[in-house]
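> Sequence and predicted model, in that order:
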Amino acid sequence: MSKYWLMPITAAVAVAFSAPTKAADVTVSGDVLSSYVWRGVEVNGDAVLQPAVDVAGMELFGLPLGINVWGNMDLGDNDGALDSGEFSEVDLTLTLELPLGLNLGYIEYWFPGGADSAREVSLSYGLDVVLQPELTVYFDVSDDPEEGESADYYANLGVTVWGGEVAEGTTASVGAAIGYSGEDHAVLYGGGTDSGFFDWSVTVSATKQISDAATLGLTVTYTDNVDDDALSDAAADTDVFGGITGAVAF
């Protein structure tokens with residue numbers, strides 16, 4: 001694991017909290033899912049617990065700032081490849097809302113099991129029109145200049161096919177997304193050999209407001225690879241996954 005993984009986290013958090021802020025809104029959530037799938041790639045085919053803390057409502061240099069800390073705890077060992085009951089990943093995400101509807105993000109990926117940390121910078125833009133399309137492009141910035149390695153880029157286009165209230169206090173939505181990968185990203189994460197359309201998915205979710213501050217929900221996703229030269233069939237082994245979601249706002 002890179003000994004420098006703490007440096008960008010410490011610097012980012014220090015800058016965020018030293019800047020003038022307004023009162024923050026904090027949401028604590030936790031999902032229990034049948035598998036952990038990331039960009040169509042099966043990370044763990046067994047059950048996982050994914051808790052998160054989201055802090056919103058702050059400002060950095062007059063711009064809205066959000067901070068999210070997310071973790072993946074493996075509840076199954078994925079045929080002995082992982083340690084059951086241990087965190088295999090912890091992510092820190094900073095999001096800054098820019099003018100013109102742009103969002104600038106920074107993600108630090110930390111792997112307690114020993115793999116080198118990774119980091120990405122993202123830029124996203126969404127439109128408040130039919131289907132609410134949102135395009136996010138992730139640029140890898142974790143490569144070692146001495147080794148000359150890079151995980152390239154990954155782009156994801158998501159849309160909301162349908163969303164609305166289905167009963168009093170209960171909302172549901174159907175979303176779809178498709179991803180495109182650069183060559184280095186495809187080789188490193190997808191077991192592929194070339195750039196191309198990476199993954200696609202359809203997600204159906206329902207959320208029930210069980211109190212003024214708490215929600216409980218269900219989610220199911222179907223996902224698959226698009227071009228097996230970018231994302232191999234072996235890496236995209238899980239097609240359907242889902243589970244229970246919950247959140248409490250403070």
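That came in fine, so what should we check first?
> Next one: the residue nearest the centre of the chain from D224, what distance?
By Cα atoms, centre = their mean, the chain has its centre lying nearest to W38, at 7.5 Å. According to Cβ to Cβ, to the nearest Å, W38 stands 14 Å off from D224. Just so you know, the C-beta spots here come from the backbone N, C-alpha and C atoms, and that holds for glycine as well.
> For the residue nearest to the centre of the chain, give its distance to E59.
Distance of W38 to E59, given as Cβ to Cβ: 30 Å.
> Could I get the phi/psi values of the residue nearest to the centre of the chain?
phi -120, psi 110 (degrees, to the nearest 10).
> what's the distance between it and S117?
For W38, the distance to S117 - Cβ to Cβ - is 15 Å.
> Then L188?
To S117, L188 is 14 Å away according to Cβ to Cβ.
> Please, where are all the strands along the protein?
25-33, 36-38, 41-44, 48-60, 63-74, 86-97, 102-110, 118-126, 134-140, 153-167, 170-181, 196-209, 214-225, 240-249 (DSSP state E).
> Using JSON lines, please lay out those together with mean pLDDT and distance to L231.
Output for those, formatted as JSON lines (pLDDT from 0 to 100; distance: least, Cβ to Cβ, whole Å):
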{"stretch": "strand 25-33", "mean pLDDT": "98", "distance to L231": "20"}
{"stretch": "strand 36-38", "mean pLDDT": "98", "distance to L231": "11"}
{"stretch": "strand 41-44", "mean pLDDT": "98", "distance to L231": "7"}
{"stretch": "strand 48-60", "mean pLDDT": "97", "distance to L231": "20"}
{"stretch": "strand 63-74", "mean pLDDT": "98", "distance to L231": "20"}
{"stretch": "strand 86-97", "mean pLDDT": "98", "distance to L231": "19"}
{"stretch": "strand 102-110", "mean pLDDT": "98", "distance to L231": "19"}
{"stretch": "strand 118-126", "mean pLDDT": "97", "distance to L231": "18"}
{"stretch": "strand 134-140", "mean pLDDT": "97", "distance to L231": "15"}
{"stretch": "strand 153-167", "mean pLDDT": "98", "distance to L231": "11"}
{"stretch": "strand 170-181", "mean pLDDT": "98", "distance to L231": "7"}
{"stretch": "strand 196-209", "mean pLDDT": "98", "distance to L231": "5"}
{"stretch": "strand 214-225", "mean pLDDT": "98", "distance to L231": "4"}
{"stretch": "strand 240-249", "mean pLDDT": "98", "distance to L231": "16"}
